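Peer 1: I would like to see how this sequence folds:
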Amino acid sequence: MRVTRPRVAVLTAVQDHPHATTDSIIGAVRADLGAVSHQAVYDVLRALTAVGLVRCIQPKGSVARYETRGGDNHHHVVCRSCGAIADVDCAVGYAPCLTADDDSEYEIDEAEVIFWGRCSACRTTARARPQVNAGTPRPRPGRRQVILDPGPAS
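Peer 2: Next up, the predicted model:
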């Protein structure tokens, strides 16, 4: 692969910003090189992905994201609240780390695993927010709240 300024700029942007979206990569490349078209960045990402210098992941509900970490059979964890993505090393350490019940006569060499949960920042934010019972109306500021006792349940 020939070394060009756009290719180096895109590779550097992906390396400096793991799990970056195409839009954020375009912004980083433009900050480095000036005017670069969207299509040029897309073409470079496609070429870098084809030769294995960049890996593209696309968790459910997310746009494509790019990273330079590859070939080590790592996986990802995605926050359900904010969409943050982090790398998770494979528990087994070799590819594939899972074995299919029925490989349909394929020679499987990779398993892509995405773990889902909530990141520590979102968990902290959720704990800081007061919990409101879904059946209890919220009082409006400046108004007195009256809750009627429905009496004993039948």
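Peer 1: got a list of contacts for the lowest-mean-pLDDT helix or strand in the chain?
Peer 2: Least confident helix or strand of the chain, by mean pLDDT, DSSP states H and E, is helix 120-128 with a mean of 86. Residues outside helix 120-128 that contact it (Cβ atoms under 8 Å, 6 or more residues apart in numbering) are 79, 81-82, 84, 118. To be clear about C-beta, it is placed using only N, CA and C from the backbone, and glycine gets the same treatment.
Peer 1: need the max-distance pair from those.
Peer 2: The most widely separated members of those are 84 and 118, with 9.5 Å between them, by Cβ to Cβ.
Peer 1: list the beta-bridge partners for the most centrally placed residue in the chain.
Peer 2: Nearest to the geometric centre of the chain sits residue 85, at 3.7 Å (Cα atoms, centre = their mean). Following DSSP bridges, residue 85 is listed with bridge partners residue 78.
Peer 1: contacting residues around it?
Peer 2: Per Cβ under 8 Å, 6+ apart, neighbours of residue 85: 19, 57, 59, 62, 65, 76-79.
Peer 1: gap between it and residue 32?
Peer 2: 23 Å (Cβ to Cβ, to the nearest Å).
Peer 1: give me the neighbour count for residue 7.
Peer 2: Residues within reach of residue 7, counting by other Cβ atoms under 10 Å, total 18.
Peer 1: in which helix or strand does the spatially closest residue to it that is not a sequence neighbour reside?
Peer 2: Residue nearest to residue 7 in three dimensions, not counting chain neighbours: residue 44, with 5.3 Å by Cβ to Cβ, 6 or more residues apart in numbering. Element membership for residue 44 (DSSP states H and E) is helix 38-50.
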